[in-house]
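# okay, structure incoming, though there's no sequence with it:
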């Protein structure tokens, strides 16, 4: 199976579903990552952009990622780009990777880049005869998802919990590669906070450690269904 993780920025994929990415890779699935943005040069020097991309490459080696692509839209300024441009680039990635499962940021994350990427990805993955996507899940990103406005329709309400007891250490090792992005506790982007969230999500589902997702779409074909 082909899997695509769509990340607004480098490290969002590791934070949101690094454990599940490693599980997919261990199961023989081909995991691909599309990083939508690149730091705007007016805000982020080239050395910083190069560093975080090198950190991402190291993290992906730990998780077993098969391929990644950078779309290079400006961060944190995706709101200055026509959304149709992001949709078209993501559609190109979907055609190239032909994933059956995709992982997205949550639609209510406090970072505008995350919300825009969510909307663009949904538009790109609309069900058509050519679209291979059968499952769409939203991940939670520490320091973005939990800071969404406290409104009912903006809350992250997980409906799927995936056991990552066997891969949580690799997730932590992958995020440790991001020397430029992690902070000491109690910052949410600390290794301690990442592990505590995994333990909490696990406890919610009777597991040692888990990642939680909000399911947007889960198509069951006639071949897969036991329903006549």
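That came through, no problem. Bear in mind the structure is a predicted one, so any value in this text is a computation, not a measurement.
# what's the biggest helix by length in the chain packed up against?
Counting residues, the longest helix found in the chain (DSSP state H) is helix 46-63. Applying 3 or more CB pairs under 8 Å, 6 or more residues apart in numbering; DSSP states H and E, one finds that helix 46-63 contacts helix 12-26, strand 30-39, strand 67-75, helix 168-176. Every residue, glycine included, has its C-beta placed from N, CA and C.
# need the contact partners of that helix.
With CB atoms under 8 Å, 6 or more residues apart in numbering as the test, helix 46-63 has contacts from 10-11, 14, 18, 21-22, 25, 31, 33, 35, 38-39, 68, 70, 170-171, 173-175, 177-181.
# at 6 Å instead, please
Helix 46-63 is contacted from outside by 10, 14, 18, 21, 22, 39, 170, 173, 174, 177, 178, 180, using CB atoms under 6 Å, 6 or more residues apart in numbering.
# number of residues surrounding the last one?
Residue 180: 12 surrounding residues under other CB atoms under 10 Å.
# cool, the fifth one as well?
Residue crowding around residue 22 was assessed by other CB under 10 Å; the count is 25.
# any idea how far residue 147 is from residue 77?
19 Å (CB to CB, to the nearest Å).
# residue 47 too?
Distance, residue 47 to residue 77, using CB to CB: 20 Å.
# who has more neighbours out of these two?
Neighbour totals were compared for residue 47 and residue 77, and residue 77 leads with 15 against 7 (other CB under 10 Å).
# now do that one, the pLDDT please.
The model reports residue 77 with a pLDDT of 94.
# and the residue lying closest to it once chain neighbours are set aside, how far is that from residue 8?
Closest residue to residue 77 apart from its sequence neighbours, by CB to CB, 6 or more residues apart in numbering: residue 40 at 5.5 Å. The gap separating residue 40 from residue 8 is 13 Å, by CB to CB.
# looking at those two, which is more packed in?
Ranked by neighbour count (other CB under 10 Å), residue 40 and residue 8 place residue 8 first, with 29 against 14.
# look up how far residue 187 lies from that one.
For residue 8, the distance to residue 187 - CB to CB - is 19 Å.
# any stretches of the protein with poor pLDDT?
222-228 (pLDDT under 70).
# reformat the helices and strands packed on helix 46-63 as a markdown table; add distance to residue 122.
Shown next, in a markdown table, are the helices and strands packed on helix 46-63 (distance: least, CB to CB, whole Å):
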| stretch | distance to residue 122 |
| --- | --- |
| helix 12-26 | 16 |
| strand 30-39 | 14 |
| strand 67-75 | 16 |
| helix 168-176 | 26 |
